[in-house]
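Asks: Just a sequence and a predicted model for now, questions to come.
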Amino acid sequence: MERRLTAILAADVVGYSRLMGADEVGTLAHLKRLRAEVIEPKITESHGRIVGSAGDSLLVEFASAVHAVQCAVEAQEGLAAHNASLAEDKRMTFRMGVNLGDVIAQDDTIYGDGVNIAARLEKLAEPGGVCIASNVHEQVKGKL
């Protein structure tokens, strides 16, 4: 088993079930477009790696807390700009959480409390926002 300290970003879409209930095909196409045009380029620019994805959720690993938070903030800015031209009921808004923790790396993904805490922080974030752990704040303060 490989263990390592890593920055973890967890993200998901607010109201995804509602969006899918209204228009499955359109919602899926919109999500794929946002991932390809906004989210994944920011992950690549920030030296991150997607280690999990199911439906509307993403789990991303970074070697740096600064890179993880920078990615989350810039992705949220890009998503907000994209949403600005859409009707309220068509907007796809994400919540994101960032944690710095020890993980078990296995089979191209990560597991452990570090991941679980990132997922809990994501649930605490405001729609369109980023919630970071105190240990992440300590790493990024004065750097972003």
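Replies: Perfect, thanks for sending it.

Asks: in this structure, which spans are helices?
Replies: Remark: helices assigned in the chain by DSSP state H are 16-22, 24-34, 40-45, 65-83, 113-124, 134-140.

Asks: mind giving me TSV with those helices and columns for mean pLDDT and distance to Ala7?
Replies: Every residue, glycine included, has its C-beta placed from N, CA and C. Below are the helices of the chain laid out as TSV (pLDDT from 0 to 100; distance: least, Cβ to Cβ, whole Å):
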stretch	mean pLDDT	distance to Ala7
helix 16-22	93	24
helix 24-34	95	22
helix 40-45	98	12
helix 65-83	97	4
helix 113-124	97	9
helix 134-140	97	7
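
Asks: Please identify the deepest-packed of those.
Replies: helix 65-83 (a mean of 20; mean count of other Cβ atoms under 10 Å).

Asks: who touches that one?
Replies: Residues from elsewhere that reach helix 65-83 (Cβ atoms under 8 Å, 6 or more residues apart in numbering): 7-9, 11, 34, 37-39, 42-43, 45-48, 60, 62, 91-94, 96, 98, 100, 128-130, 132, 135-136, 139-140, 143-144.

Asks: send the alpha carbons of it over as CSV?
Replies: C-alpha atoms of helix 65-83 as CSV (Å, rounded to 0.1, in the frame of the first residue of the first chain):
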residue,chain,number,x,y,z
ALA,A,65,-2.4,22.9,-1.7
VAL,A,66,-1.7,26.2,-3.5
HIS,A,67,-2.4,24.5,-6.8
ALA,A,68,-5.5,22.8,-5.6
VAL,A,69,-7.1,26.1,-4.3
GLN,A,70,-6.0,28.1,-7.3
CYS,A,71,-7.6,25.5,-9.5
ALA,A,72,-10.8,25.5,-7.5
VAL,A,73,-11.1,29.3,-7.5
GLU,A,74,-10.3,29.7,-11.2
ALA,A,75,-12.7,26.9,-12.2
GLN,A,76,-15.4,28.5,-10.2
GLU,A,77,-14.7,31.9,-11.9
GLY,A,78,-14.9,30.2,-15.3
LEU,A,79,-18.1,28.4,-14.4
ALA,A,80,-19.7,31.7,-13.1
ALA,A,81,-18.7,33.4,-16.4
HIS,A,82,-20.3,30.6,-18.4
ASN,A,83,-23.5,30.7,-16.3
